[in-house]
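Novice: sequence plus predicted model, see below.
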Amino acid sequence: MQNRLVLTATVEREDILRYTPAGLPVIDMWLRHHSRQREAGFERDVMCEIQAVMAGEHCRQWAGKLAGQQVEVSGFIGQRSMRNPRLVLHIEYVEFVKG
């Protein structure tokens with residue numbers, strides 16, 4: 001079963017394109033989300049900052065273009081790596097939000 005998280009956020013910071021030892025392109029970034037959500041019958045403001053990572057050949061087209069932009073991303077939450085259990089959003093798809 002595939003569960004995907006979809007999030008609209010502003011890219012607060014985008015690191016430069018880097019490559020793993022295996023040669024896979026990777027971009028690390030930090031996203032800031034703000035929305036109004038309904039929980040237990042009440043409206044509440046939701047704000048968070050989440051670390052995200054995008055890996056794969058499609059990173060090359062996005063490198064240097066994301067910082068400061070509002071985007072809709074989808075992907076999954078998982079640990080950063082086999083050695084680092086910190087949770088990050090692994091982005092599989094990104095689209096600019098027209099404002």
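Specialist: Happy to help now that I have it. What you see is a predicted model; the values in this text were computed from it and never measured. Numbers count the residues shown, from 1 in each chain.
Novice: tell me where this protein has helices.
Specialist: 59-62 (DSSP state H).
Novice: and L89, how many neighbours?
Specialist: Applying other CB atoms under 10 Å, we find 21 residues neighbouring L89. In this view, the C-beta of every residue, glycine as well, is placed from N, C-alpha and C.
Novice: equivalent analysis for the one 4 residues further on, please.
Specialist: Neighbour count of Y93, defined by other CB under 10 Å: 13.
Novice: how many other residues sit next to the residue nearest to it when sequence neighbours are not counted?
Specialist: Closest residue to Y93 apart from its sequence neighbours, by CB to CB, 6 or more residues apart in numbering: S74 at 4.7 Å. For S74, the count of nearby residues is 14 (other CB under 10 Å).
Novice: and if you look at the one 3 residues further on?
Specialist: Here the count is done by other CB under 10 Å, and I77 has 12 residues near it.
Novice: quick check: bridge partners of it?
Specialist: Per DSSP bridges, the residues bridged to I77 are L89.
Novice: same question, Q37
Specialist: With DSSP bridges as the rule, Q37 is bridged to R44.
Novice: quick check: it vs V46, distance?
Specialist: According to CB to CB, to the nearest Å, Q37 and V46 sit 5 Å apart.
Novice: before we move on, what about A55?
Specialist: For A55, the distance to V46 - CB to CB - is 27 Å.
Novice: same question for T20.
Specialist: In terms of CB to CB, T20 sits 33 Å off from V46.
Novice: out of everything not next to it in sequence, what's closest to H33?
Specialist: In space, H33 is closest to A9, 4.2 Å off (CB to CB, 6+ apart).
Novice: where does this protein have its least confident helix or strand?
Specialist: Between all helices and strands in the chain, the lowest mean by mean pLDDT, DSSP states H and E belongs to helix 59-62, at a mean of 92.
Novice: which secondary structure elements does it contact?
Specialist: Contacts defined by 3 or more CB pairs under 8 Å, 6 or more residues apart in numbering; DSSP states H and E place helix 59-62 against strand 25-39.
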